[in-house]
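[1] Sequence plus the predicted model coming up.
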Amino acid sequence: MPRIVVDVMPKPEILDPQGKAIAGALPRLGLTGFAEVRQGKRFELTVEGEVTEAVLEQARTAAITLLSNPVIEDVTRVEVIEDVQ
Amino acid sequence: MTVETPLIGSSAAPIPDETLTGIRVGVISFPGSLDDRDAMRAVRIAGGTAVDLWHGDHDLKGVDAVVIPGGFSYGDYLRAGAISRFAPLMEQISAAASSGTLPVLGICNGFQVLTEAHLLPGSMIKNNHLHFLCRDQRLKVENTTTAWTSSYNAGDEIVVPLKNQDGQFVADERTLDELEGEGRVVFRYVGGNPNGSRRDIAGISNAAGNVVGLMPHPEHAVEAGFGPDSSAFGDVGLRGGVDGLDIFTSVLKKLVK
């Protein structure tokens, strides 16, 4: 079944405490190649049948009303992916 | 020398004002609410009548004011307050609150619900130090014209418990300037910012002043014997802090007028 992927990231100007903590932990593993880490969320909305424009529009609405909070987060992706089997 | 220790709950019990008992304050419970019972108890100690409300109902039961209590509604899944905001009863509360008539107080998770519902601006993110923090917190009451703070004097300080992980208040600079300019910063942290909140903001109100949200917990500082060990109003005995009580008497007195 096709899925719609929604990615949500904290806004660039909002401090991301979790990302900062991860960035602090990486050098402890010897992984020193990264200047910054930001942590976001990925949602997968499974659709029964075909992904019509109407369904995609519903996903966009879900993304900006429930899945993200526009005060602190940006929706960076709403996209259909097909199952790879 | 003997030190007088108050018997639990027996000292400084407020004399109930009988004119206030007719005021009905609803406390909404979500799955995962923790402090709903304490909020109801605070309403009763202040002299009012507490009414329990269920998030899945559509009936506000004719209450005169609403408290959205602390806890972890819906497990804080997605974002704190994000799912609760769409509960059936929240529709009624949002409509009545945004018309400026119904006094609504959001405490901790309740504050998060109010920001998610766009009844208050800004949002809460994880504490800047990433830890769950529980301590007695000193606050300054900066606005005494709201429905929930009129029993205080401007500039009063209070000590009430603070306990959260997602307590860092954030908003863009323009919103912060607007809040400051309109006097809508109701509570500000004093003696150290516990979580990185912008401009030390602990609580805010809407423009009409009927909706107030704050992260610390006034409902845990309402009865001698069960409050914090300290008060901003002078020495108290063990667990004697009751600085939060006037939040609840404020709304009762306003509604009885």
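    That came in fine, so what should we check first?
[2] Get me the contact residues on chain B for chain A.
    B:78-79, B:82-83, B:86, B:115-116, B:121-123, B:125-130, B:168, B:170-172, B:196 (C-beta under 8 Å from any C-beta of the partner chain). C-betas here are computed from N, CA, C, even on glycine.
[3] Give me the buried entries from those residues.
    Those of those that meet the buried threshold are B:78-79, B:82-83, B:115-116, B:121-123, B:125-128, B:168, B:170-172, B:196, by 16 or more other C-beta atoms under 10 Å in any protein chain shown.
[4] Which members of those residues occur in strands, if any?
    B:Ser123, B:Ile125, B:Gln168, B:Val170 (DSSP state E).
[5] just the residues you listed now: which is nearest chain A?
    Nearest to chain A, judged by C-beta to the nearest C-beta, of these is B:Ser123 at 4.2 Å.
[6] quick one: the residue nearest to B:Asn153 when sequence neighbours are not counted from B:Val185, how far?
    Leaving aside its chain neighbours, B:Asn153 sits nearest to B:Thr144 (6.4 Å; criterion: C-beta to C-beta, 6 or more residues apart in numbering or on different chains). For B:Thr144, the distance to B:Val185 (C-beta to C-beta, to the nearest Å) stands at 12 Å.
[7] pLDDT (mean, whole number) over stretch B:93-107?
    Mean pLDDT, stretch B:93-107: 96.
[8] oh, I was asking about stretch A:37-56
    Rounded mean pLDDT across stretch A:37-56 is 95.
[9] and that stretch, which residues are buried?
    Those would be A:Gly40, A:Phe43, A:Leu45, A:Val47, A:Val51, A:Val55, A:Leu56, for stretch A:37-56 by 16+ other C-beta under 10 Å.
[10] Also stretch B:129-144?
    Result for stretch B:129-144 [16+ other C-beta under 10 Å]: buried residues B:Asp136, B:Gln137, B:Arg138, B:Leu139, B:Lys140, B:Val141, B:Glu142, B:Asn143, B:Thr144.
[11] was I right about B:Phe111 contacting B:Ala202?
    No - with contact defined as C-beta atoms under 8 Å, B:Phe111 does not count as touching B:Ala202 (9.5 Å).
[12] hey, what's in contact with both of the two?
    B:Leu214, B:Met215 (C-beta atoms under 8 Å, 6 or more residues apart in numbering or on different chains).
[13] Relative to chain B, which residue of chain A is the closest?
    Counting by C-beta to the nearest C-beta, chain A gets nearest to chain B through A:Val71 (4.2 Å).
[14] show me what contacts that residue?
    Per C-beta under 8 Å, 6+ apart, neighbours of A:Val71: B:Thr115, B:Pro121, B:Gly122, B:Ser123, B:Val170, B:Ala171, B:Asp172.
[15] can you do 6 Å?
    Remark: with contacts taken as C-beta atoms under 6 Å, 6 or more residues apart in numbering or on different chains, A:Val71 is in contact with B:Ser123.
[16] pretty sure it is in a strand, no?
    No - assigned with DSSP: H, G, I helix; E, B strand; the rest coil, A:Val71 falls outside any strand and is coil.
[17] where does it land on pLDDT?
    Reported pLDDT for A:Val71: 93.
[18] quick one, phi psi at it?
    With angles defined as degrees, to the nearest 10, A:Val71 sits at phi -70, psi -40.
[19] can you give me phi and psi for the residue of chain A most remote from its centre?
    Using C-alpha atoms, centre = their mean, the residue of chain A lying farthest from its centre is A:Gly30. It sits 26.9 Å away. The phi/psi pair for A:Gly30 (degrees, to the nearest 10) reads phi 80, psi 10.
[20] Check B:Arg79 too.
    phi -150, psi 150.
[21] Can you tell me, leaving aside adjacent residues, what's nearest to it?
    Leaving out its chain neighbours, the residue that sits closest to B:Arg79 by C-beta to C-beta, 6+ apart is A:Asn69, at 5.8 Å.
[22] List the contacts of stretch B:231-248.
    The contact list for stretch B:231-248, computed with C-beta under 6 Å, 6+ apart, reads B:5-6, B:42-43, B:46, B:138, B:148, B:151-152, B:157-160, B:218, B:221-222, B:224-228, B:230.
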